[in-house]
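Chemist: Predicted model and sequence below, questions to follow.
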Amino acid sequence: MKMDTIATIHDLRSRIAGWRGGGARIGLVPTMGALHEGHLSLVREARKQCGRVVVSIFVNPAQFAPHEDFDRYPRDQPADIARLAGACDLVFAPSVREMYPDGFATKIEAGGPSAGLETDFRPHFFSGVATIVAKLLIAAMPDWAIFGEKDYQQLLVIRRLVADLALPVEIAGGAIVREADGLAMSSRNAYLSPEQRRIAGRLNLVLKDAAMRIRHGDTAATAEAYATAALLEAGFDTVDYVAVRDAETLAPAVDSTRPMRILAAAKTGATRLIDNMEI
């Protein structure tokens, strides 16, 4: 299978128009590159669902605050393209100027499921995510797009965005892919020292334990307090949050008969890790 790499919205639309004219169902997998098995699992799912698959690679400056890691975020486009060989039909790898041309002055403010959690610590984040995802979806107009469940709040924000703007695209969630010890795969895992990597492997275990406690009758508040203390004891330097939420709205979980999710964010050294799981 021939896989091309293009860098402009004009070329992206031209290629997709040709496929659509032939009756193909179009799938989009947005990424920031530094691809790992978690990303590739999304691409494989897109291939199952769609006749043509586009993977975008773009490190979005709008979702990074000035003190965050935009400049050092892992980038290796040749390696990413090599990993995608045979897995997708087209790589869309635009420049920052292509996505945010001179004079760019519009942004999307997300509400609903964006409230709290990540927003409490990264208030800029979901506006940047919503703006770039909207631009990618409008540029490609896919029938179907997929986002990983590791960024669970982000997934719900994108679903809300698509519903609110009446964009004709189905948004799918891809299951979290984990390392052998259960650590959720993330491009930022490359930042971890050996000791930090050992500590990071405790995050999913603590969340599993907290989820089990809730299933056995603990209140959300009790499980959240337990998990926070357990993460600090495991060696994390700070715990931004551990929260039990309604899985569909991310409102605080008050009805145990509804689907629930436990979400957490914690730092070891300068690396901030997030994870979540069903209860």
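Modeler: Okay, I see it.

Chemist: didn't T5 look like it was pressed against A93?
Modeler: Yes - here T5 reaches A93: they are 5.7 Å apart, a contact under Cβ atoms under 8 Å. Every residue, glycine included, has its C-beta placed from N, CA and C.

Chemist: Let me see the domain layout of the chain.
Modeler: Listed by automatic domain parsing, the domain ranges of the chain are 4-174, 192-271.

Chemist: which one of these lies closest to M185?
Modeler: M185 lies closest to domain 4-174 among the domains of the chain, at 3.9 Å (Cβ to Cβ).

Chemist: taking the mean pLDDT, what do you get for that closest one?
Modeler: Domain 4-174 carries an average pLDDT of 97.

Chemist: Quick check: which element contains V53?
Modeler: Assessed by DSSP states H and E, V53 sits inside strand 52-57.

Chemist: For the protein, which segments count as strands?
Modeler: Taking DSSP state E as the criterion, the chain contains strands spanning 4-6, 26-31, 52-57, 90-92, 144-148, 170-174, 238-246, 260-268, 271-278.

Chemist: closest one to G116 among those strands?
Modeler: Using Cβ to Cβ, those put strand 238-246 closest to G116, at 7.6 Å.

Chemist: Counting neighbours, which bits of that closest one end up buried?
Modeler: Buried residues in strand 238-246, defined by neighbour count with 16 or more other Cβ atoms under 10 Å: 239-246.

Chemist: contact partners of that strand?
Modeler: Contact with strand 238-246 is made by 116-117, 120-121, 207, 210, 214, 220, 223-224, 227-228, 231-232, 251-255, 258-267, 272, 279, as judged by Cβ atoms under 8 Å, 6 or more residues apart in numbering.

Chemist: Report the inter-axis angle for it versus strand 260-268.
Modeler: Relative orientation of strand 238-246 and strand 260-268, computed by axes from the mean of the first three to the mean of the last three Cα atoms, to 10 degrees: 170 degrees.

Chemist: And strand 238-246, how far out from the chain middle?
Modeler: 17 Å (Cα atoms, centre = their mean, to the nearest Å).
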